[in-house]
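S.K.: Need a 3D model of the following:
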Amino acid sequence: MSLAHQDNEGVFVESQDDVTPHRERSESREDTRTHQSPIAALRDTVDGHASEHSSTPTTTPISQGIASELNSRFEGGEHSGINKRTRSTPGWLKDFETGEGLSDEEDLAMFSSSDDPTSYEEAKEEDKWVVAMKYEMSSIERNNTWELVEAPKAIKPTGVKWVFKTKLNEKGEVDKHNARLVVKGYAQRKGVDYNELYAPMARWDTVRSIVAVASQRNWEIFQLDVKSVFLNGELKETVYVEQPPGFIHKGEEHKVCKLKKALYGLKQAPRAWFKRIEGYFLREGFMKSQYDHTLFIKKEHKDVVIVSLYVDDLIYTGNNRELCESFKCSMMSEFEMSDLGKMRYFLGVEVDQNKYGIQMHQKKYAKEIIEMFNMWEVNGVNNPIVPGALVTKTGDKNKVDESLYKSLVGSLMYLTVTRPDLMYAVCFVSRFMADPREEHLQVSKRILRYVKATYDYGLTYARNASLKLKVYMDSDYARDVDDRKSTSGYVCILSNAAVSWSSQKQEIVALSSTEAEYVAATSCACHSVWLKGLLEEISEESVGTVEIQCDNSSTIKLSKNPVMHRRTKHIEVRFHYLRDLVNDEKIQLMFCSTKDQVADVLTKPVKLEVFEKMRDMLGVHKIEELN
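M.R.: Next up is the predicted model:
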């Protein structure tokens, strides 16, 4: 009986003895196949093939001593008298590297994501990182971040470490080598080392709204970056940390650093920084927005400056260039800043400001995720999901790597910052992250194929366009085949492009298409009220009654009066908030034809011609078209 075995070189070989009876091996293989890795399953297939073609069947296992001898021979590389068969590599293993023939240094380098050092000992050997660490320490000293004190007896200081990162610009070129001294914040204790942690950050809806208003009014948007941002936050708690590696004061090795200001890694560092800069804005005469606490507006007569803050990155615009320059000079005198000029690369989003309008896209990021998942050589497709596709949570029986699937979906999620045409498809595949199957992975890969075909698409906000807010909402009744919940979708369009959108499965099971539309309309109305107030603060103009386009006449009637009470008395009270908004004339539902319902692409897969039409109405265009 032949024995199939995989030697050290990854080649399957056969011997003339068997270890397990044919029947026992077959039964055990069937019991364990579902729990094996792909490589183990492939090995079992070869085992079965060898046993089926043996010329001398056996019914008793060989002795343990012979089995041990055979195993030692295979491990020792003694292959004399053994027929070796070379198997071609399966397609799904072509990008798998065994590491054979590599030295230890090469093997580690192959799995390293970058050339950045991981410890101080590695970094001190290169001048560029030494310079970066010295610059970080100079920033700490200039900000008077700490003072050296005797170590308290009852308190153990928190550890610190160096973190190194090579920063790239939007072209993928090296921008600078950054070294950060980071506190090991995981060792902090609540109530002792910190209390409150929350710090607001700018919403992408706010950023896109500012871009849309600036484009409509021919304003320029500028960008600033705060250097060593968390070093500016003033601490209220008493925190002790160790002296940083490589910069320990001679003769004072036993002392520790008592922090006066925050350091990276501290849990309360973001809150301390926001309190500091919020106080600065209020002193300078800015008003904090009621709708987004990271939005600050300063008005002088008819002149206005608008600032949006995202941790250490901020953008600002306004109708008076001199007032904008005055704000920039004031900021640079208060904090150590980098003047980045016109907004062009913000949180991974590329921004082009030209005479036609302002374009936001993620061309560089789209290329990166396509290459990351080895999809650059595949053929592109024209829509992200097949119309009429029905996928269940259980899917097929073939499970896939959860880490790979979650990484893929997470990467696609960030791409929806400028791609509303991807929103439904990405939200759909995100429902299966708890237990991904091969069927779910194939749907996700199709989205990547669509991204490959349209990686250079993005939002285009037109110059001198109408500032009228257009809102579309829709729902797809009982789309989910697992729990029969409906999907809600809405999109808000300003300056000929989307500024806000959503695709979400409803929390309740709707009993009719009217109820599903009514629930979706309420969600859209709540968001429209928020967006209406935000736009009135930014543009200083009244938006008036927001008209929401709906393709269901029963929903429109239900929003005006309870004429269908018997059919809708089971609807939760909170959804009837829509009626109050309609009665107060803040919201008005308007009927539109299904063929003009832009939100349709946010609730279900649609035909290719419909998808391309709606994508154009969303303001998603090829970037090169307007340059």
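S.K.: what is the rounded mean pLDDT of whichever helix in the chain runs longest?
M.R.: The longest helix of the chain (DSSP state H) is helix 513-539. The average of the pLDDT scores along helix 513-539 is 92.
S.K.: Could I get the buried residue list for it?
M.R.: The neighbour-count check on helix 513-539 (16 or more other C-beta atoms under 10 Å) flags 513-525, 527-529, 531-532, 534-535, 537-539 as buried. Quick note: C-beta positions are derived from backbone N, CA and C, even for glycine.
S.K.: Give me the contact list for the next helix or strand after it.
M.R.: Scanning forward in sequence from helix 513-539 by DSSP states H and E, the next helix or strand is strand 546-550. Under the criterion C-beta atoms under 8 Å, 6 or more residues apart in numbering, residues 469-474, 490, 517, 521, 524-525, 528-529, 532, 556, 586-592, 596-599 lie in contact with strand 546-550.
S.K.: Check stretch 165-179 too.
M.R.: Under C-beta under 8 Å, 6+ apart, the answer for stretch 165-179 is 114-116, 123, 128-129, 131-133, 135-136, 162-164, 180, 344-345, 350, 364.
S.K.: Quick one: buried ones out of those residues?
M.R.: Among the contacts of stretch 165-179, the ones that count as buried (16+ other C-beta under 10 Å) are 116, 123, 129, 132-133, 135-136, 162-164, 180, 344-345, 350, 364.
S.K.: how distant is whatever helix or strand K328 lives in from the center of its chain?
M.R.: Using DSSP H and E, K328 sits within helix 321-334. Chain-centre distance of helix 321-334: 33 Å, with C-alpha atoms, centre = their mean, to the nearest Å.
S.K.: swap in stretch 523-537?
M.R.: Chain-centre distance of stretch 523-537: 25 Å, with C-alpha atoms, centre = their mean.
S.K.: What of stretch 612-625?
M.R.: 23 Å.
S.K.: and if you look at stretch 293-307?
M.R.: The answer for stretch 293-307 is 30 Å, by C-alpha atoms, centre = their mean.
S.K.: And for stretch 498-507?
M.R.: Mean-position distance between stretch 498-507 and its chain equals 16 Å (C-alpha atoms, centre = their mean).
S.K.: With stretch 377-389 instead?
M.R.: On C-alpha atoms, centre = their mean, the centre of stretch 377-389 falls 22 Å from that of its chain.
S.K.: Quick check: end-to-end length of that stretch?
M.R.: End-to-end distance for stretch 377-389: 25 Å, by C-alpha to C-alpha, to the nearest Å.
S.K.: Give me the neighbour count for K298.
M.R.: 19 (other C-beta atoms under 10 Å).
S.K.: And for P387?
M.R.: P387, neighbours per other C-beta under 10 Å, totals 12.
S.K.: which residue packs closest to G233, ignoring adjacent ones?
M.R.: Nearest-residue entry for G233: A272, 3.0 Å, with adjacent residues in sequence omitted and distances by C-beta to C-beta, 6 or more residues apart in numbering.
S.K.: Just to be sure, that neighbour is in a strand?
M.R.: No - under DSSP: H, G, I helix; E, B strand; the rest coil, A272 sits outside any strand and is assigned helix.
S.K.: contacting residues for it?
M.R.: 230, 233-236, 261-262, 266.
S.K.: follow-up on the earlier one: now, which of the buried ones among the contacts of stretch 165-179 lie within strands?
M.R.: If you go by DSSP state E, the buried ones among the contacts of stretch 165-179 have 162-164, 180, 345, 350 in strands.
S.K.: and these as a markdown table, adding distance to S308?
M.R.: Formatted as a markdown table, those follow (distance: C-beta to C-beta, whole Å):
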| residue | distance to S308 |
| --- | --- |
| W162 | 32 |
| V163 | 27 |
| F164 | 30 |
| R180 | 24 |
| Y345 | 15 |
| E350 | 17 |
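S.K.: Can you tell me how far N320 is from E402?
M.R.: 53 Å (C-beta to C-beta, to the nearest Å).
S.K.: If you count surrounding residues, which of those two has more?
M.R.: Remark: of N320 and E402, N320 carries more neighbours, 16 against 12, as counted by other C-beta under 10 Å.
S.K.: Not counting residues beside it along the chain, what's closest to the more buried one?
M.R.: Closest residue to N320 apart from its sequence neighbours, by C-beta to C-beta, 6+ apart: D303 at 4.0 Å.
S.K.: which residues sit in contact with the one you found?
M.R.: By C-beta under 8 Å, 6+ apart, D303 lies in contact with 318-320, 323.
S.K.: Generate a ChimeraX selection restricted to the buried subset of the residues you listed.
M.R.: In ChimeraX, this line selects whichever of those come out buried by 16+ other C-beta under 10 Å:
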select :318,319,320,323
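S.K.: quick one: which of the contacts of D303 is nearest to T418?
M.R.: Distance to T418, by C-beta to C-beta, is smallest for G318 among the contacts of D303, at 23.7 Å.
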